[in-house]
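Q: Fold the following, please.
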Amino acid sequence: MPSQNPFARRPADPVALDDRARDNLRFIRETMERAGSFTAVPGWGGVAVGITALGAATIASTQAEPRIWLLIWLGEAAVALAIASWTTASKAREARASLFTGPARRFVYSLAPPLFVGALLTGLLVRIGATGAIPGVWLLLYGTGVVTGGAFSIRIVPLMGLCFIVLGAVALFCPWSWGNTFLALGFGGFHVLFGAVIARRYGG
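A: A predicted model of the protein is given here:
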């Protein structure tokens with residue numbers, strides 16, 4: 001009877017098929033999520049938007065005339081749009097992703113309608129002299145657009161939208177004199193906070 005060699009090399013344990021299958025499925029799922037999601041959300045762009053919004057809130061807080069206050073925030077909206085457009089295009093260019101097809105187009109189509117409705121309601125509220133309701137309406141509709149658009153983006157984006165919705169709902173039922181503070185917290189604080197998280201976790 002042949003003796004067994006104690007120093008003989010034993011074959012390596014085979015990799016379990018279920019472990020390999022799980023790894024493959026995880027890789028496929030992550031690849032499909034990246035392909036089906038708009039990932040060019042600019043983190044540092046969000047931080048910049050938040051900083052300019054805080055500046056606008058500071059200036060607007062010194063104004064007693066509602067129309068001047070509104071003009072300051074409308075100017076901030078234009079600045080924020082320019083910053084968001086430029087930083088989004090830059091991030092998409094670095095990632096070699098198109099802004100006119102696939103997830104990016106669905107993101108824009110979902111975000112745009114609530115913003116358009118917000119513009120229409122702003123005109124109506126100004127006409128009837130209810131400018132104090134504008135902060136709550138803006139926060140609610142912006143949050144709605146971010147949630148719907150975020151369905152085609154990274155997971156943190158819908159969460160940010162929900163925070164805007166909650167803040168807007170609270171703003172509607174608080175004294176109108178607090179409106180500027182709510183806008184500073186939402187468009188300033190939330191953008192800085194979530195923008196920094198996006199920049200750190202998702203790059204740029």
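Q: mind listing the helices for the protein?
A: 17-35, 43-60, 66-94, 102-127, 134-150, 156-172, 179-183, 191-202 (DSSP state H).
Q: how about TSV for those, with mean pLDDT and mean neighbour count added?
A: Just so you know, the C-beta spots here come from the backbone N, C-alpha and C atoms, and that holds for glycine as well. Below are the helices of the chain laid out as TSV (pLDDT from 0 to 100; neighbours: other C-beta atoms under 10 Å):
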stretch	mean pLDDT	mean neighbour count
helix 17-35	54	10
helix 43-60	94	20
helix 66-94	90	16
helix 102-127	89	16
helix 134-150	94	23
helix 156-172	95	19
helix 179-183	96	21
helix 191-202	90	18
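Q: List the contacts of the residue nearest the centre of the chain.
A: Geometric centre of the chain, nearest residue: Val157, 3.8 Å, by C-alpha atoms, centre = their mean. Contact partners of Val157, counting by C-beta atoms under 8 Å, 6 or more residues apart in numbering, are Val41, Val146, Gly149, Gly150.
Q: Would you mind measuring from the second one to Phe187?
A: Same thing as Val146. Separation of Val146 from Phe187 (C-beta to C-beta, to the nearest Å) stands at 11 Å.
Q: Quick check: neighbours shared by the two?
A: Residues touching both Val146 and Phe187 (C-beta under 8 Å, 6+ apart): none.
Q: what separates Ser90 from Ala53, distance-wise?
A: In terms of C-beta to C-beta, Ser90 sits 20 Å off from Ala53.
Q: right, I mislabeled it, should have said Gly186
A: Taking C-beta to C-beta, one finds Gly186 at 8 Å from Ala53.
Q: Could you do Gly195 as well?
A: From Gly195 across to Ala53, the span is 11 Å (C-beta to C-beta).
Q: got it, and Arg106?
A: Applying C-beta to C-beta, the value for Arg106 to Ala53 is 26 Å.
Q: Then Leu111?
A: For Leu111, the distance to Ala53 - C-beta to C-beta - is 18 Å.
Q: I'd say Leu167 and Phe182 touch.
A: Yes: Leu167 lies in contact with Phe182 (C-beta atoms under 8 Å); the separation is 6.1 Å.
Q: Show me the common contact partners of those two, please.
A: Residues within reach of Leu167 and of Phe182 at once, by C-beta under 8 Å, 6+ apart, are Leu139.
Q: nearest residue to Pro135 other than its sequence neighbours?
A: Closest residue to Pro135 apart from its sequence neighbours, by C-beta to C-beta, 6 or more residues apart in numbering: Gly179 at 3.5 Å.
Q: Who are the contact partners of the one you found?
A: Contact partners of Gly179, counting by C-beta under 8 Å, 6+ apart, are Gly132, Ile134, Pro135, Gly136, Ala171.
Q: Which of those sits closest to Thr58?
A: Thr58 lies nearest to Pro135 out of those, by C-beta to C-beta, at 15.3 Å.
Q: what about that closest one, distance to Arg67?
A: From Pro135 to Arg67 the distance is 15 Å (C-beta to C-beta).
Q: One more: Ala82?
A: Look at Ala82 and Arg67: by C-beta to C-beta, they are 23 Å apart.
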